[in-house]
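Student: need the 3D shape of this:
(2 chains)
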Amino acid sequence: MAPSLCGTNVTSKRSLLALGWSLTSLLSLAAFITAAIYAVQIRTHYRHIAYTYSNNNDDYYANNYNNCEGGGGDEGCRSHDSRDGQDEAYYYNSLASVSSGSMTFAGIYTATVAVGLSLYGSLAIVGFSSVRGQYIAPCLGGSGTAVQSRIHLGIFMGSLVLFSCLCLVCAVIFGEFRVSSDCGFIYHSCCGNGLQNDIALTS
Amino acid sequence: MEDYIDDEQVKDEAAIGSYAVERISSVLAGLCMFLAVLYFSYSVLLAAFKDDIIEDMTGDGRKEMELGGIGGDRYDSTDMHRTLAQRAAAQRAANMGHSDPALAGSALEYQPPRGVGVGVGVSPGQKIVQDSAGFISTGTESY
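Tutor: Numbers count the residues shown, from 1 in each chain, chains lettered A, B, ... in the order given. So this is what the prediction gives:
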């Protein structure tokens, strides 16, 4: 009976590493899927808010216009309320529609590198762990010399460290990501001047 | 200013006042931080066990075969053990007539891994055959 490191399936350090790498890959995949779902959900939610404000503004403006045609006079037709409503609709539309191509690129690049690392590690370095926890040896790069093995392992470990540092830097930058505009966030104080100012992305 | 939005939930949610792209960037920040911790932890684990990995990558992979892993036998074949045994037999033959008494008759004793050559099943009608390298088999390549 083979000695066991942890449980019945982790019988060697190599199988422990393979299990760890399989878990790392699965957790990465789950994290990417969760982030994508959250991003789509946030975008949909904001579009719903913008759509709601836009529709309500149109209804409100139409009702107001009908009322003033019925005898309200010009003052009612050009009320500040309808104008503010248009500004609000524009504001929420801008909240929903502002996007960042650099952020999309960073997300896609991170996902691509994570997939590449997962494939390289599983197929050539540490191997897989099956659903039952059984070790599956890597199918590539097994017939090299000691120097080649050390080089491959060094490349893999260096890639892991570099990727984790890249993720750390991306996390810090994304955490400080803010959209600044001349109008600012409090639209009640300045949206009367309109939101036609250029919106600058800063990070 | 008259409020014309009837949906209270929409009003509450819209009152936060942040851009959608900012919230998405927060989500991505969390994702990247999670990935950074995850991959750095694994790199530490890999650095701790790197000697075992190198040993397994350069060795004959017998460990995993003995431990019952799948694919561990990619390093291990009848030919490999046959080659090692033949090499030992050749060295034994070369040392037979050596002038140095310490080397004369000595040989590189090759011991096949545990499990190899043990418990070979012989079905009725099969014969146990010993080849030139001293390997015992049933005469077939099935192993």
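
Student: any idea how far the closest residue to A:S100 other than its chain neighbours lies from A:I136?
Tutor: Leaving aside its sequence neighbours, A:S100 sits nearest to B:V21 (CB to CB, 6 or more residues apart in numbering or on different chains; 5.3 Å). For the C-beta atoms, the positions are set from N, CA and C on the backbone; glycine is no exception. Relative to A:I136, B:V21 is positioned 42 Å away (criterion: CB to CB, to the nearest Å).

Student: more neighbours, those two?
Tutor: B:V21 (24 against 18; other CB atoms under 10 Å in any protein chain shown).

Student: which helix is the longest one in chain A?
Tutor: Longest helix of chain A, by residue count under DSSP state H: helix A:13-67.

Student: sorry, slip of the keys, the one I care about is chain B.
Tutor: Counting by DSSP H, the longest helix found in chain B is helix B:20-48.

Student: measure how the helix or strand following it sits relative to helix B:20-48, angle-wise.
Tutor: Downstream of helix B:20-48, the first helix or strand assigned by DSSP states H and E is helix B:50-58. In terms of direction (axes from the mean of the first three to the mean of the last three CA atoms, to 10 degrees), helix B:50-58 departs from helix B:20-48 by 80 degrees.

Student: now do helix B:50-58: which elements does it pack against?
Tutor: Applying 3 or more CB pairs under 8 Å, 6 or more residues apart in numbering or on different chains; DSSP states H and E, one finds that helix B:50-58 contacts helix A:13-67, helix A:146-175.

Student: wait, the residue nearest to A:S100 touches A:M103, no?
Tutor: Yes: applying CB atoms under 8 Å, one finds B:V21 in contact with A:M103, separated by 6.9 Å.

Student: now do the shared contacts for these two.
Tutor: Residues touching both B:V21 and A:M103 (CB atoms under 8 Å, 6 or more residues apart in numbering or on different chains): A:F177.

Student: close to chain B, is the longest helix of chain A?
Tutor: Yes: using CB under 8 Å from any CB of the partner chain, helix A:13-67 reaches chain B at A:13-17, A:20-21, A:24, A:27-28, A:31-32, A:34-35, A:38-39, A:42-43, A:45-46, A:48-49, A:52-53, A:56-57, A:59-60.

Student: buried ones among those residues?
Tutor: The neighbour-count criterion (16 or more other CB atoms under 10 Å in any protein chain shown) marks A:13-17, A:20-21, A:24, A:28, A:31-32, A:35, A:38-39, A:42-43, A:45-46, A:48-49, A:52-53, A:56-57, A:60 among the residues of helix A:13-67 next to chain B as buried.

Student: is any residue of stretch A:172-182 near chain B?
Tutor: Yes: residues of stretch A:172-182 contacting chain B under CB under 8 Å from any CB: A:172-175, A:177-179.

Student: how about that stretch: buried residues?
Tutor: Within stretch A:172-182, the residues that count as buried by 16+ other CB under 10 Å are A:173-174, A:177, A:179, A:181.

Student: pLDDT and distance to B:Q91 added to these, as CSV?
Tutor: Shown next, in CSV, are the buried residues of stretch A:172-182 (pLDDT from 0 to 100; distance: CB to CB, whole Å):
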residue, pLDDT, distance to B:Q91
A:I173, 93, 63
A:F174, 92, 64
A:F177, 85, 69
A:V179, 81, 76
A:S181, 68, 82
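
Student: relative to B:A94, which of these is nearest.
Tutor: Nearest to B:A94 among the buried residues of stretch A:172-182: A:I173, at 67.6 Å, using CB to CB.

Student: where's that closest one relative to A:Q148, distance?
Tutor: On the measure of CB to CB, A:I173 and A:Q148 end up 37 Å apart.

Student: low pLDDT regions in chain A?
Tutor: Low-confidence segments of chain A (pLDDT under 70): A:1-11, A:56-86, A:141-144, A:181-203.

Student: got a markdown table for the residues of stretch A:172-182 next to chain B, with distance to A:S129 too?
Tutor: Listed next are the residues of stretch A:172-182 next to chain B as a markdown table, based on distance: CB to CB, whole Å:
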| residue | distance to A:S129 |
| --- | --- |
| A:V172 | 32 |
| A:I173 | 34 |
| A:F174 | 31 |
| A:G175 | 33 |
| A:F177 | 37 |
| A:R178 | 42 |
| A:V179 | 43 |
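
Student: understood, closing this out.
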